[in-house]
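Asker: okay, predicted coordinates and the sequence, questions at the end:
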Amino acid sequence: MIVKSRAIVLHRFPYSDSSWIVKVLTRECGVVSFIVKGGKRKESPFKGAMDPLSLCEVVFNQNPQKAGGGDLQFIKEATLLEWHAALRANLMNQAVAQVMAEIILRYAPQGVPLQDEFELLEKAFADLDCAGSATGTGFAAAADSVAKSVEVCSAGVNCFQDEVFARWLLDICDLWGYHLDLDVCSRCERPLAEPAADFHPETGGLVCKACLGGESPRAKPQTLLGLWKLRGGVPSISTKTAVFAREFVENALLAYLRNHIGFLKEIHSLTYLQEIRKLCSVQST
Ligand SMILES: [Zn+2]
């Protein structure tokens with residue numbers, strides 16, 4: 001069966017002197033592995049379209065016996081739709097995009113269509129791609145665009161770029177059956193009127209001040225403020241505090257996701273993201 005589908009390149013590694021093995025998230029068939037013969041050559045027709053983080057349209061002949069599985073498929077055509085140049089020019093955005101791609105690769109269900117996952121990732125990459133594009137490249141630009149992340153982007157909407165990764169994690173948790181409610185206390189189930197007093201990633205619960213009582217909180221104040229900001233609270237929070245809170249929130253949601261998935265796999269690109277965070281924080285102070 002010939003399949004034509006939009007796809008996002010998640011990962012690529014060399015197969016021989018001239019070929020790649022490329023893992024893509026297709027809209028129609030979930031994660032598919034392609035062998036791209038001659039893909040490394042300069043004149044390859046797949047150039048750009050098969051770069052990691054690219055959005056493309058692929059045509060391939062799907063073996064019905066091995067539908068959507070990890071078996072290698074031969075790709076017939078790949079057309080680049082969006083290379084995400086602005087996303088790639090911003091180190092922080094590139095690093096979080098790689099983590100998102102790796103989470104899909106390692107944790108998404110195998111052998112099934114992943115249409116919702118595709119749409120969430122396509123939107124997140126588009127959001128990461130649309131701001132910070134005019135600020136040049138390198139560490140300074142990354143730090144600069146993080147600091148100015150709540151800007152109106154070229155599409156005329158507020159991007160809230162520093163929340164793209166956290167919101168994507170929330171949506172993915174939701175999609176995979178681990179909905180996290182940021183509006184209520186997980187113990188008394190009352191709506192929160194202020195930032196929660198604690199967060200427990202293993203149960204997924206925010207805990208209000210009254211329920212926490214005399215216990216000392218395990219979550220850091222930055223995490224709790226950041227989760228509050230994510231649900232639309234604290235508009236007065238200073239940009240600096242917001243930037244500071246970003247990685248705490250992302251780490252808290254990653255811990256939540258990994259706890260609920262029930263088994264831990266190493267996410268290699270997280271190490272790179274942590275390096276970029278360090279570089280950016282040095283630049284912005
Ligand atoms: Zn409570």
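Answerer: It's in.

Asker: got the residues of this protein near the ion?
Answerer: Contact residues, the chain versus the ion (C-beta under 5 Å from the ion): 185, 187-188, 208, 211. C-beta here means a position set from N, CA and C on the backbone, and glycine is covered the same way.

Asker: state the pLDDT value of the residue most central in space within the chain.
Answerer: Centroid check for the chain by C-alpha atoms, centre = their mean gives residue 100 as the closest residue, at 3.0 Å. With respect to pLDDT, residue 100 scores 97.

Asker: against the ion, how distant is it?
Answerer: 32 Å (C-beta to the ion, to the nearest Å).

Asker: may I have the phi/psi pair for that residue?
Answerer: phi -60, psi -50 (degrees, to the nearest 10).

Asker: and for residue 161?
Answerer: phi -60, psi -30.

Asker: could you do residue 56 as well?
Answerer: Residue 56 adopts backbone torsions of phi -140, psi 180, taken as degrees, to the nearest 10.

Asker: so it sits against residue 79, correct?
Answerer: Yes: with contact defined as C-beta atoms under 8 Å, residue 56 reaches residue 79; the gap is 5.9 Å.

Asker: what stretches of the stretch 51-200 of the chain score poorly on pLDDT?
Answerer: 64-70, 131-159 (pLDDT under 70).

Asker: could you pull out the strands for it?
Answerer: For the stretch 51-200 of the chain, the strands defined by DSSP state E, counting those that start in this stretch occupy 55-61, 72-82, 198-200.

Asker: quick one: buried residues of the second one?
Answerer: Read it as strand 72-82. 73, 75, 78, 80 (16 or more other C-beta atoms under 10 Å).

Asker: show me the contacts for residue 260.
Answerer: 173, 176, 178, 204 (C-beta atoms under 8 Å, 6 or more residues apart in numbering).

Asker: taking the residues of the chain next to the ion, tell me the two that lie furthest apart.
Answerer: 187 and 208 (7.3 Å; C-beta to C-beta).

Asker: which of these two has more neighbours?
Answerer: residue 208 (22 against 16; other C-beta atoms under 10 Å).

Asker: for the more buried one, which non-adjacent residue is closest in space?
Answerer: residue 185 (3.8 Å; C-beta to C-beta, 6 or more residues apart in numbering).

Asker: outline the domain layout of the protein.
Answerer: 2-82, 96-283 (automatic domain parsing).

Asker: looking at the residues of the chain next to the ion, spot the one nearest residue 115.
Answerer: Ranked by distance to residue 115 (C-beta to C-beta), the residues of the chain next to the ion are led by residue 185 at 34.0 Å.

Asker: I figured the closest one was touching residue 207, is that so?
Answerer: Yes: between residue 185 and residue 207 a contact is recorded at 6.0 Å, counting by C-beta under 8 Å.

Asker: if I look at residue 2, how far off is residue 33?
Answerer: To residue 33, residue 2 is 18 Å away according to C-beta to C-beta, to the nearest Å.
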